[in-house]
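In: Structure here, sequence nowhere to be found:
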């Protein structure tokens, strides 16, 4: 088994308005279908930030379990220069399912959806060393510093705290 991750709309007429008579709608979820070329463009665009990339899929239980922690890291360190990129290895046909999951988790950061037609092809296309979840941490100049990969041969796997420590070291 392979276990392989803003615009504004109008305010509804019945929306409650806060004390200053304005209510900003929540940011929309961005999601772009792409392959490795779009991934590399995104990394280039984010230079100057520490970048955390989360490769995930809706069919990967460990990915789903860790995803809220990734969103929390974005909220906690975004103002200190952390940019998060979610790369879903779902297929383009599963776009609505991916969008729904991202919206439920309030994943208001860069989100990419694999253009490849299977998880195995996506793993190869994005050059991942193994199954997902997989996380990459890049420094502010765009250099890959750490890669967190599931190792089925190891008794101890990486934790979200390990990822956070790698980020904090670079901020």
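Out: Looks like it arrived, so ask away. These figures come from a predicted structure and were not determined experimentally.

In: could you pull out the strands for this structure?
Out: Counting by DSSP state E, the chain has strands at residues 32-34, 50-56, 82-88, 110-114, 134-138, 144-149.

In: right, and these - which one's nearest residue 125?
Out: Nearest of the strands of the chain to residue 125, taken as Cβ to Cβ: strand 110-114 at 7.0 Å. C-betas here are computed from N, CA, C, even on glycine.

In: List the pairing partners of the closest one within its sheet, with orientation.
Out: strand 32-34 (parallel), strand 82-88 (parallel) (DSSP bridges).

In: worst average pLDDT in these?
Out: Mean pLDDT is lowest for strand 32-34 out of the strands paired with strand 110-114, coming in at a mean of 93.

In: so where's this structure shaky on pLDDT?
Out: 1-27 (pLDDT under 70).

In: buried residues in the longest helix anywhere in it?
Out: Longest helix of the chain, by residue count under DSSP state H: helix 61-77. If you call a residue buried by 16 or more other Cβ atoms under 10 Å, then helix 61-77 has these buried ones: 63-64, 66-67, 70-71, 73-74, 77.

In: Do I have it right that residue 81 meets residue 49?
Out: Yes. The pair residue 81 / residue 49 is scored as a contact, 5.1 Å apart, by Cβ atoms under 8 Å.

In: what touches both of those two?
Out: Taking Cβ atoms under 8 Å, 6 or more residues apart in numbering as the criterion, residue 81 and residue 49 both touch residue 140.

In: Looking at these two, which one has more neighbours?
Out: Neighbours were counted for residue 81 and for residue 49 using other Cβ atoms under 10 Å; residue 49 has more, 20 against 14.

In: The more buried one and residue 158, how far apart?
Out: Distance check for residue 49 against residue 158: by Cβ to Cβ, to the nearest Å, it reads 22 Å.

In: re earlier: let's have the buried residues of helix 61-77 in TSV, adding distance to residue 94.
Out: Output for the buried residues of helix 61-77, formatted as TSV (distance: Cβ to Cβ, whole Å):
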residue	distance to residue 94
63	14
64	14
66	19
67	16
70	19
71	20
73	25
74	23
77	29
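
In: farthest pair in those?
Out: Across the buried residues of helix 61-77, the longest distance by Cβ to Cβ is 21.8 Å; it joins 64 and 77.

In: hang on, the earlier thing: considering the buried residues of helix 61-77, which is situated nearest to residue 125?
Out: Of the buried residues of helix 61-77, the one sitting nearest to residue 125 (Cβ to Cβ) turns out to be residue 63, at 17.2 Å.

In: Looks like the closest one contacts residue 131 (just checking).
Out: No. The criterion here is Cβ under 8 Å, and residue 63 misses it with residue 131 at 9.8 Å.
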